[in-house]
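A.B. asks: 3D model of this:
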Amino acid sequence: MDLLKDKIKNGKIPKHWYMDLNTLNTIKNNKPTFSTNASFNSNFASKIDNLLSELENFIPDFSWFLVQQEIDTIHGIRHMLRVSFLSMLLISLDNEIPLEFFKLSAVTSSLHDLRRRNDLLDVGHAKRGARWFINNVPLIKEKYNIELSDEEVDEIYYAILFHDIPYKKISDDENYINYKNLIDITKTADALDRYRLPRVEWWIKDKLISLVPSDDIKHVAYQLLVLSETHFLNGFNGINSVLKALESLKNLNL
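C.D. replies: Numbers count the residues shown, from 1 in each chain. Below is the predicted model of the structure:
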(Lines give C-alpha, C1' and ligand atoms only; values in the text may rest on other atoms or scores of the structure.)
Protein backbone atom coordinates (compact mmCIF):
# COMPACT_ATOMS: atom_id res chain seq x y z
CA MET A 1 0.00 0.00 0.00
CA ASP A 2 1.39 3.43 -0.90
CA LEU A 3 2.23 5.91 1.84
CA LEU A 4 -0.74 8.21 1.18
CA LYS A 5 -3.33 5.41 1.30
CA ASP A 6 -1.73 4.07 4.45
CA LYS A 7 -1.99 7.49 6.09
CA ILE A 8 -5.64 7.82 5.06
CA LYS A 9 -6.47 4.32 6.32
CA ASN A 10 -4.96 5.14 9.70
CA GLY A 11 -6.50 8.59 9.93
CA LYS A 12 -3.19 10.31 9.28
CA ILE A 13 -3.89 12.53 6.30
CA PRO A 14 -0.77 14.61 5.64
CA LYS A 15 -0.77 18.22 6.78
CA HIS A 16 0.24 19.37 3.30
CA TRP A 17 -1.34 16.90 0.91
CA TYR A 18 0.19 16.61 -2.57
CA MET A 19 -1.16 14.57 -5.47
CA ASP A 20 0.81 11.42 -6.29
CA LEU A 21 0.65 8.92 -9.14
CA ASN A 22 -0.93 6.13 -7.09
CA THR A 23 -3.75 8.41 -5.97
CA LEU A 24 -4.31 9.64 -9.53
CA ASN A 25 -4.44 6.06 -10.80
CA THR A 26 -7.00 5.22 -8.10
CA ILE A 27 -9.14 8.15 -9.33
CA LYS A 28 -8.81 6.98 -12.94
CA ASN A 29 -9.69 3.40 -12.05
CA ASN A 30 -12.88 4.51 -10.32
CA LYS A 31 -14.28 6.73 -13.05
CA PRO A 32 -18.05 7.13 -12.56
CA THR A 33 -20.56 6.35 -15.27
CA PHE A 34 -21.87 9.66 -16.61
CA SER A 35 -25.05 10.13 -18.65
CA THR A 36 -23.90 12.64 -21.25
CA ASN A 37 -25.19 13.92 -24.58
CA ALA A 38 -23.69 15.12 -27.85
CA SER A 39 -25.45 18.51 -27.77
CA PHE A 40 -23.67 19.38 -24.55
CA ASN A 41 -20.30 18.47 -26.07
CA SER A 42 -20.87 20.80 -28.99
CA ASN A 43 -22.11 23.63 -26.80
CA PHE A 44 -19.25 23.18 -24.34
CA ALA A 45 -16.56 23.22 -27.02
CA SER A 46 -17.89 26.53 -28.34
CA LYS A 47 -17.83 28.11 -24.87
CA ILE A 48 -14.44 27.01 -23.65
CA ASP A 49 -12.36 29.72 -25.35
CA ASN A 50 -14.41 32.46 -23.71
CA LEU A 51 -14.28 30.68 -20.35
CA LEU A 52 -10.52 30.22 -20.66
CA SER A 53 -10.09 33.91 -21.41
CA GLU A 54 -12.14 34.82 -18.35
CA LEU A 55 -10.23 32.39 -16.15
CA GLU A 56 -6.84 33.81 -17.12
CA ASN A 57 -7.93 37.19 -15.73
CA PHE A 58 -8.52 35.76 -12.25
CA ILE A 59 -5.35 33.95 -11.21
CA PRO A 60 -4.39 34.86 -7.64
CA ASP A 61 -0.91 36.01 -6.76
CA PHE A 62 1.09 33.33 -4.98
CA SER A 63 2.05 35.85 -2.30
CA TRP A 64 -1.61 35.86 -1.21
CA PHE A 65 -1.38 32.30 0.15
CA LEU A 66 -1.19 32.20 3.93
CA VAL A 67 1.16 29.18 3.78
CA GLN A 68 3.44 28.83 0.76
CA GLN A 69 3.50 25.02 1.10
CA GLU A 70 -0.20 25.07 0.18
CA ILE A 71 0.30 26.47 -3.32
CA ASP A 72 0.62 23.04 -4.96
CA THR A 73 -1.44 20.90 -2.56
CA ILE A 74 -4.90 19.46 -3.19
CA HIS A 75 -6.41 22.75 -1.94
CA GLY A 76 -3.90 24.91 -3.78
CA ILE A 77 -3.76 26.81 -7.05
CA ARG A 78 -4.94 23.95 -9.29
CA HIS A 79 -8.01 23.37 -7.14
CA MET A 80 -8.90 27.06 -7.08
CA LEU A 81 -8.47 27.47 -10.84
CA ARG A 82 -10.63 24.42 -11.52
CA VAL A 83 -13.31 25.67 -9.12
CA SER A 84 -13.20 29.09 -10.81
CA PHE A 85 -13.66 27.49 -14.22
CA LEU A 86 -16.45 25.20 -13.03
CA SER A 87 -18.29 28.09 -11.38
CA MET A 88 -18.20 30.04 -14.65
CA LEU A 89 -19.32 26.96 -16.58
CA LEU A 90 -22.33 26.60 -14.29
CA ILE A 91 -23.23 30.23 -14.90
CA SER A 92 -22.79 30.02 -18.67
CA LEU A 93 -25.18 27.08 -18.91
CA ASP A 94 -27.92 28.50 -16.66
CA ASN A 95 -30.04 31.14 -18.36
CA GLU A 96 -31.50 32.19 -15.02
CA ILE A 97 -28.13 33.31 -13.62
CA PRO A 98 -27.01 36.77 -14.87
CA LEU A 99 -23.67 36.78 -16.71
CA GLU A 100 -22.32 39.47 -14.37
CA PHE A 101 -21.90 36.65 -11.88
CA PHE A 102 -18.82 35.61 -13.90
CA LYS A 103 -16.81 38.28 -12.12
CA LEU A 104 -18.19 37.55 -8.68
CA SER A 105 -17.78 33.79 -8.96
CA ALA A 106 -14.27 34.05 -10.40
CA VAL A 107 -13.12 36.29 -7.55
CA THR A 108 -14.78 34.10 -4.91
CA SER A 109 -13.47 30.81 -6.28
CA SER A 110 -9.94 32.11 -6.82
CA LEU A 111 -9.72 33.15 -3.15
CA HIS A 112 -11.86 30.63 -1.26
CA ASP A 113 -9.03 28.37 0.03
CA LEU A 114 -6.25 30.94 -0.11
CA ARG A 115 -5.83 31.27 3.64
CA ARG A 116 -5.61 27.61 4.54
CA ARG A 117 -2.98 26.55 7.02
CA ASN A 118 -3.12 22.92 5.91
CA ASP A 119 -5.12 20.29 4.01
CA LEU A 120 -6.90 18.91 7.06
CA LEU A 121 -10.34 20.21 8.06
CA ASP A 122 -8.65 23.48 9.04
CA VAL A 123 -11.71 24.85 10.80
CA GLY A 124 -11.71 28.63 10.38
CA HIS A 125 -10.02 28.80 6.98
CA ALA A 126 -13.17 30.18 5.34
CA LYS A 127 -13.47 32.91 7.95
CA ARG A 128 -9.77 33.77 7.51
CA GLY A 129 -10.28 33.90 3.75
CA ALA A 130 -13.34 36.13 3.98
CA ARG A 131 -11.58 38.53 6.35
CA TRP A 132 -8.47 38.60 4.16
CA PHE A 133 -10.67 39.48 1.19
CA ILE A 134 -12.32 42.37 3.03
CA ASN A 135 -8.94 43.70 4.12
CA ASN A 136 -7.45 43.48 0.63
CA VAL A 137 -10.21 44.62 -1.72
CA PRO A 138 -8.07 47.40 -3.33
CA LEU A 139 -5.23 44.93 -3.96
CA ILE A 140 -7.62 42.41 -5.52
CA LYS A 141 -9.32 45.02 -7.72
CA GLU A 142 -5.94 46.17 -9.02
CA LYS A 143 -4.65 42.65 -9.67
CA TYR A 144 -7.83 41.53 -11.44
CA ASN A 145 -8.48 44.93 -13.09
CA ILE A 146 -12.08 45.06 -11.89
CA GLU A 147 -14.44 47.29 -9.93
CA LEU A 148 -16.51 45.99 -7.04
CA SER A 149 -19.49 47.75 -5.51
CA ASP A 150 -20.07 47.61 -1.76
CA GLU A 151 -22.89 45.13 -2.40
CA GLU A 152 -20.59 42.92 -4.49
CA VAL A 153 -17.93 43.02 -1.78
CA ASP A 154 -20.51 41.82 0.75
CA GLU A 155 -21.66 39.10 -1.63
CA ILE A 156 -18.15 37.75 -2.20
CA TYR A 157 -17.41 37.95 1.52
CA TYR A 158 -20.34 35.72 2.44
CA ALA A 159 -19.73 33.30 -0.43
CA ILE A 160 -16.19 32.73 0.86
CA LEU A 161 -17.37 32.60 4.46
CA PHE A 162 -20.10 30.03 3.79
CA HIS A 163 -18.31 27.86 1.24
CA ASP A 164 -17.46 25.08 3.70
CA ILE A 165 -20.49 25.33 6.00
CA PRO A 166 -23.26 22.70 5.52
CA TYR A 167 -26.56 24.00 4.18
CA LYS A 168 -28.45 22.94 7.29
CA LYS A 169 -26.46 25.54 9.24
CA ILE A 170 -27.00 28.44 6.81
CA SER A 171 -30.35 27.85 5.10
CA ASP A 172 -32.18 30.31 7.37
CA ASP A 173 -29.36 32.84 7.51
CA GLU A 174 -30.36 36.21 6.05
CA ASN A 175 -27.02 36.55 4.27
CA TYR A 176 -27.44 33.17 2.59
CA ILE A 177 -30.93 34.14 1.46
CA ASN A 178 -29.67 37.48 0.11
CA TYR A 179 -26.69 35.98 -1.73
CA LYS A 180 -28.03 32.54 -2.53
CA ASN A 181 -26.98 32.42 -6.20
CA LEU A 182 -23.29 33.11 -5.62
CA ILE A 183 -23.10 30.91 -2.53
CA ASP A 184 -24.79 28.00 -4.32
CA ILE A 185 -22.52 28.36 -7.35
CA THR A 186 -19.42 28.42 -5.16
CA LYS A 187 -20.43 25.42 -3.07
CA THR A 188 -21.37 23.34 -6.13
CA ALA A 189 -18.20 24.20 -8.06
CA ASP A 190 -16.14 23.36 -4.99
CA ALA A 191 -17.95 20.03 -4.63
CA LEU A 192 -17.41 19.22 -8.33
CA ASP A 193 -13.65 19.24 -7.75
CA ARG A 194 -13.87 16.58 -5.04
CA TYR A 195 -12.96 13.99 -7.68
CA ARG A 196 -9.37 14.84 -6.67
CA LEU A 197 -9.82 12.90 -3.42
CA PRO A 198 -8.76 9.22 -3.34
CA ARG A 199 -11.97 7.78 -1.90
CA VAL A 200 -15.13 7.62 -3.99
CA GLU A 201 -17.29 8.22 -0.90
CA TRP A 202 -15.64 11.65 -0.61
CA TRP A 203 -16.74 12.71 -4.10
CA ILE A 204 -19.62 15.08 -4.91
CA LYS A 205 -22.99 14.13 -3.38
CA ASP A 206 -26.14 15.72 -4.83
CA LYS A 207 -27.96 15.53 -1.50
CA LEU A 208 -25.43 17.89 0.11
CA ILE A 209 -25.78 20.75 -2.39
CA SER A 210 -28.59 23.04 -3.46
CA LEU A 211 -27.52 23.63 -7.07
CA VAL A 212 -27.25 20.09 -8.50
CA PRO A 213 -25.12 19.90 -11.68
CA SER A 214 -25.90 17.67 -14.64
CA ASP A 215 -23.89 14.55 -15.41
CA ASP A 216 -22.37 16.46 -18.34
CA ILE A 217 -20.88 19.03 -15.97
CA LYS A 218 -19.73 16.31 -13.60
CA HIS A 219 -17.99 14.61 -16.51
CA VAL A 220 -16.20 17.84 -17.42
CA ALA A 221 -15.11 18.24 -13.79
CA TYR A 222 -13.79 14.69 -13.65
CA GLN A 223 -11.88 14.95 -16.94
CA LEU A 224 -10.49 18.36 -16.00
CA LEU A 225 -9.19 16.91 -12.73
CA VAL A 226 -7.54 13.91 -14.37
CA LEU A 227 -5.97 15.93 -17.19
CA SER A 228 -4.67 18.77 -15.03
CA GLU A 229 -3.24 16.48 -12.35
CA THR A 230 -1.59 14.36 -15.04
CA HIS A 231 0.03 17.46 -16.52
CA PHE A 232 1.17 18.57 -13.08
CA LEU A 233 2.77 15.21 -12.30
CA ASN A 234 4.44 15.38 -15.72
CA GLY A 235 6.22 18.60 -14.75
CA PHE A 236 3.90 21.47 -15.70
CA ASN A 237 3.42 24.17 -13.07
CA GLY A 238 0.08 24.49 -11.30
CA ILE A 239 -1.35 27.23 -13.50
CA ASN A 240 -0.24 25.81 -16.83
CA SER A 241 -1.37 22.30 -15.94
CA VAL A 242 -4.97 23.55 -15.60
CA LEU A 243 -4.85 25.81 -18.66
CA LYS A 244 -3.37 23.01 -20.76
CA ALA A 245 -6.05 20.63 -19.51
CA LEU A 246 -8.78 23.05 -20.54
CA GLU A 247 -7.28 23.37 -24.03
CA SER A 248 -7.32 19.58 -24.27
CA LEU A 249 -10.97 19.46 -23.23
CA LYS A 250 -11.97 21.36 -26.36
CA ASN A 251 -11.03 18.37 -28.47
CA LEU A 252 -11.98 15.62 -26.05
CA ASN A 253 -15.03 13.50 -26.75
CA LEU A 254 -16.74 13.70 -23.38
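
A.B. asks: now the helices for the stretch 151-254 of the chain?
C.D. replies: 167-170, 174-178, 180-192, 215-233, 238-249 (DSSP state H, counting those that start in this stretch).

A.B. asks: what angle do the fourth one and helix 180-192 make?
C.D. replies: Relative orientation of helix 215-233 with respect to helix 180-192: 50 degrees, computed using axes from the mean of the first three to the mean of the last three C-alpha atoms, to 10 degrees.

A.B. asks: helices or strands up against helix 215-233?
C.D. replies: Counting contacts by 3 or more C-beta pairs under 8 Å, 6 or more residues apart in numbering; DSSP states H and E, helix 215-233 is packed against helix 21-29, helix 38-56, helix 77-92, helix 180-192, helix 238-249. Using the backbone N, CA and C atoms, a C-beta is placed for each residue, glycine as well.

A.B. asks: compare the mean pLDDT across these and name the weakest.
C.D. replies: Comparing mean pLDDT across the helices and strands packed on helix 215-233, the lowest value falls on helix 38-56: a mean of 82.

A.B. asks: in that helix, what counts as buried?
C.D. replies: 40-41, 44, 48, 51-52, 54-55 (16 or more other C-beta atoms under 10 Å).

A.B. asks: in the stretch 1-150 of the chain, where is pLDDT below threshold?
C.D. replies: 1-12, 38 (pLDDT under 70).

A.B. asks: out of the helices and strands packed on helix 215-233, deepest packed?
C.D. replies: Across the helices and strands packed on helix 215-233, the average number of neighbours (mean count of other C-beta atoms under 10 Å) peaks for helix 77-92, which reaches a mean of 26.

A.B. asks: can you say which of the helices of the stretch 151-254 of the chain is nearest to residue 148?
C.D. replies: Within the helices of the stretch 151-254 of the chain, the stretch nearest residue 148 is helix 180-192; the backing value is 12.6 Å (C-beta to C-beta).

A.B. asks: so which elements touch the closest one?
C.D. replies: helix 77-92, helix 101-111, helix 150-162, helix 215-233.

A.B. asks: need these in JSON lines (columns: distance to residue 66).
C.D. replies: Converted to JSON lines, these look like this (distance: least, C-beta to C-beta, whole Å):
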{"stretch": "helix 77-92", "distance to residue 66": "13"}
{"stretch": "helix 101-111", "distance to residue 66": "11"}
{"stretch": "helix 150-162", "distance to residue 66": "13"}
{"stretch": "helix 215-233", "distance to residue 66": "21"}
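
A.B. asks: re the thing from before, ok, the buried residues of helix 38-56 vs residue 89, which is closest?
C.D. replies: residue 51 (6.3 Å).
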